[in-house]
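In: Give me coordinates for this.
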Amino acid sequence: MYVVDKATMQLAEAKADKQGTTFFALMQNAGAAAADYILNQTSAAKNILILCGKGNNGGDGFVMASHLAQRHNVTVALVLGRPSSETAAKAFELMPKNIELLNIEECINKCKTQKFDIVIDAVFGTGFSGEPPRGSLAELFQLIQKSDYAVDIPSGLECDSGKGYATALKTCCTLTFAAKKLCHVSPKSADICGKVICLDIGIDDDTLKEAGAYIRENERPVFAPRPKTCHKNSFGTALMVTGSYGMPGAAILSAQSALKSGVGLLKVATIPQNYSPLAASVPEAVLLPLKAKGKTVSLKGVKSLKEQLKTASALLIGPGLSVSYETVKSVKWLLSTTETPTVLDADGINIAALDIQLLKDVKAPLIITPHPAEMARLIKSDAKTVETNRFKIAAEFSKEYGVITVLKGANTIIAAPNGEITVNTNGNPGMASAGSGDVLSGIITALLANGLEPYSAACSAVWLHSAAGDSARELFGERAMLPSDMINQLHRFL
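Out: The predicted model follows:
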């Protein structure tokens, strides 16, 4: 499914109109599809209030009213006055006469004395841009507090930026059309949108693509069955350079998640002090103790992996590695030497931020997995700037440095150097704990080792990671779940 901005959606609608699906037909399709969805969710007769604006979003509401009135008691509130667009006015005139009409003051008074079973917000759509709701409209929104359904976008949100989330009318469910919009997947505004359902109105993916759509919503990966004649070498060898003194957990979590994700052979290179905890926690892994210098790996120890790099089908650098004189030199040597598809995570990213140009010299396909603070270090900015420009920053960084960027956080973004962008929409706040990123890096490394193309491996791993997180939440709750619980749920989705 595509995720689009306002301009792309408007152009797609114009293309559909030229192809024979007129703007009025699109409105009819949208209103009918939204009404059908609601009808399928309700059986007994309900008292339904539809808040309609004067533009095309209100027009969708008028069409919905016509369909819903066949089974329910429908009241339409003209909260901004009578419709001003030609298509909306046409839809308004076609409404059956048994629908009660209210102006905004009448609606406020009625909402104070009568409870409606379902409230539908069809006031502002994708075209909204401007001041927060004021006066009587603000009073109505405060009185209602939360709609049951919003048509396309909760009223008061801006389509592209997601601005207005503090004053917009929250909803339980947003019914959108043809494609999701940017505000549906931007973390702060996504909370206002509730559950987002995308309905077909006659605009296909080809039309959206011609209009400029390029962001995709991440989807569950499908893996081919393993042949009976397979063996461990059929599924690749992953090499991990991880861990420092006091940080064996990062190495353990990334190793366990890689094994649970189906890697054929796993080799973990770390300092000798981590040998015992790793051997006890991950007996399936081959351990490669490296010569250490102090509490971290040494350049001499890392250089001893030269032959291992030649046989590895995926490489992970970074979890728990720490940043020191020796690790800086070690990471630079690894990145300049390897031709194996590589995942750079955690301290590997922090080291790259010290000399960002080294990313341009990497010969291997490279996936980086920064959280917002790490991304800020890479671009010499701050986390707040990253969070408010996630799509743009991820896309521009990938293009400039030729890497696949997995910008972590709520609704993780995966960007490729060729301009492809995918946004992930599963996952939950319980995943926001130390070690969660180590789990993700292990999954990506395993899928790379299996032979998946790097961008596909990144997208698939992000989806699996979030799905496992959602499954762990169901068992333990958001506060009590651990990254290790997520690892133990991976089997449900592979």
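
In: Can you tell me how far the residue lying closest to residue 297 once chain neighbours are set aside is from residue 438?
Out: In space, and not counting its chain neighbours, residue 297 is closest to residue 290: 4.9 Å by CB to CB, 6 or more residues apart in numbering. C-betas here are computed from N, CA, C, even on glycine. Using CB to CB, to the nearest Å, one gets 19 Å for the distance from residue 290 to residue 438.

In: strand partners of the helix or strand hosting residue 315, parallel vs antiparallel please.
Out: Secondary structure assignment for residue 315, by DSSP states H and E: strand 314-317. Next to strand 314-317 in the sheet, as set by DSSP bridges, lie strand 237-241 (parallel), strand 342-344 (parallel).

In: Out of the ones you listed, which one sits most buried?
Out: Most buried of the strands paired with strand 314-317 by mean neighbour count (mean count of other CB atoms under 10 Å) is strand 342-344; its value is a mean of 29.

In: quick one: contacts of the next helix or strand along the chain from that strand?
Out: The helix or strand immediately downstream of strand 342-344 is helix 347-352, counting by DSSP H and E. Residues outside helix 347-352 that contact it (CB atoms under 8 Å, 6 or more residues apart in numbering) are 317-323, 327-328, 331-332, 335, 344, 358-359, 368-370, 374, 377-378.

In: Those in helices, which ones?
Out: Members of the contacts of helix 347-352 lying in helices (criterion: DSSP state H): 327-328, 331-332, 335, 374, 377-378.

In: so residue 314 bridges to which residues?
Out: Applying DSSP bridges to residue 314 gives these bridge partners: residue 238.

In: So it sits against residue 443, correct?
Out: No - here residue 314 lies out of contact with residue 443, judged by CB atoms under 8 Å, at a distance of 11.2 Å.

In: Torsion angles phi and psi at residue 407?
Out: Dihedral angles of residue 407 (phi, psi; degrees, to the nearest 10) stand at phi -90, psi 100.

In: For it, give me its contacts.
Out: Applying CB under 8 Å, 6+ apart, we find residue 407 in contact with 370, 372, 375, 386, 390, 393-394, 413-415.

In: Just the ones of the residues you listed in strands?
Out: In strands, defined here by DSSP state E, the members of the contacts of residue 407 are 413-415.

In: Now flag whichever of the residues you listed is closest to residue 210.
Out: Nearest to residue 210 among those is residue 415, at 22.0 Å by CB to CB.

In: my read: that closest one touches residue 392, true?
Out: No - the pair residue 415 / residue 392 is not scored as a contact, 9.7 Å apart, by CB under 8 Å.

In: Mind checking which of the two has more residues around it?
Out: Higher neighbour count among residue 415 and residue 392: residue 415, with 28 against 12, using other CB atoms under 10 Å.

In: In contact with that one, which residues?
Out: For residue 415, the contacting residues are 391, 394-395, 397-398, 404-405, 407, 421-422, taking CB under 8 Å, 6+ apart as the criterion.

In: make it 7 Å
Out: Residue 415 sits next to 394-395, 398, 405, 421 when contact means CB atoms under 7 Å, 6 or more residues apart in numbering.

In: Ok, residue 253 next?
Out: Residues counted as contacts of residue 253 (CB under 7 Å, 6+ apart) are 435, 438-439, 442, 483-484.

In: quick one: pLDDT of it?
Out: Residue 253 carries a pLDDT value of 98.

In: how many other residues sit next to the closest residue in space to it that isn't next to it in sequence?
Out: Excluding its sequence neighbours, the residue lying closest to residue 253 (CB to CB, 6+ apart) is residue 438, at 4.0 Å. Residues lying near residue 438 (other CB under 10 Å) number 28.

In: what's the answer for residue 143, then?
Out: The criterion is other CB under 10 Å. On that basis, residue 143 has 11 neighbouring residues.

In: quick one: it and residue 113 touch, right?
Out: No - if you go by CB atoms under 7 Å, residue 143 and residue 113 don't touch, sitting 11.2 Å apart.

In: Next, give phi and psi for the residue located most distally from the centre of the chain.
Out: Centroid-distance maximum for the chain: residue 97 at 43.7 Å, with CA atoms, centre = their mean. The phi/psi pair for residue 97 (degrees, to the nearest 10) reads phi -80, psi -10.

In: circling back to that earlier point, out of the ones in strands among the contacts of residue 407, flag the one nearest to residue 195.
Out: Closest to residue 195, out of all of the ones in strands among the contacts of residue 407 and judged by CB to CB, is residue 413, at 20.8 Å.

In: On the pLDDT front, check the closest one for me.
Out: Per-residue pLDDT puts residue 413 at 98.

In: I'd assumed residue 423 was in contact with it.
Out: Yes - here residue 413 lies in contact with residue 423, judged by CB under 7 Å, at a distance of 5.5 Å.

In: Grab the nearest non-local neighbour of residue 436.
Out: residue 483 (4.9 Å).

In: Quick check: the gap between that neighbour and residue 241.
Out: Taking CB to CB, one finds residue 483 at 20 Å from residue 241.

In: And residue 178, by the same measure?
Out: Distance, residue 178 to residue 241, using CB to CB: 46 Å.

In: Run the angle between the helix or strand where residue 444 lies and strand 237-241 for me.
Out: Here residue 444, judged by DSSP H and E, is contained in helix 436-450. Angular relation of helix 436-450 and strand 237-241 on a 0 to 180 degree scale: 150 degrees, by axes from the mean of the first three to the mean of the last three CA atoms, to 10 degrees.

In: Same question for the helix or strand following helix 436-450: list its buried residues.
Out: The first helix or strand that comes after helix 436-450 along the chain, using DSSP H and E, is helix 454-476. Neighbour-count burial for helix 454-476 flags 454-455, 457-473 (criterion: 16 or more other CB atoms under 10 Å).

In: now stretch 218-238
Out: For stretch 218-238, the neighbour count (16+ other CB under 10 Å) marks 218, 221, 235-238 as buried.

In: again, but for stretch 129-147
Out: Residues of stretch 129-147 classed as buried: 133, 137, 140-141, 144, 147 (neighbour count, 16+ other CB under 10 Å).

In: Next, format those residues as CSV and append secondary structure and pLDDT.
Out: Shown next, in CSV, are these (DSSP: H, G, I helix; E, B strand; the rest coil; pLDDT from 0 to 100):
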residue, secondary structure, pLDDT
133, coil, 89
137, helix, 96
140, helix, 97
141, helix, 96
144, helix, 96
147, strand, 98
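
In: Among these, pick out the one closest to residue 252, please.
Out: Looking across those and measuring by CB to CB, the closest to residue 252 is residue 147, at 46.4 Å.

In: can you pull the contacts of the closest residue to that closest one other than its chain neighbours?
Out: Nearest residue to residue 147, sequence neighbours excluded (CB to CB, 6+ apart): residue 121, at 4.1 Å. By CB under 7 Å, 6+ apart, residue 121 lies in contact with 51, 147, 149-151, 154-155, 169, 171.

In: now the contacts of residue 415 as CSV including distance to residue 2, pLDDT and neighbour count?
Out: CSV is the format used below for the contacts of residue 415 (distance: CB to CB, whole Å; pLDDT from 0 to 100; neighbours: other CB atoms under 10 Å):
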residue, distance to residue 2, pLDDT, neighbour count
394, 17, 98, 24
395, 15, 98, 22
398, 19, 98, 25
405, 20, 98, 27
421, 11, 98, 18
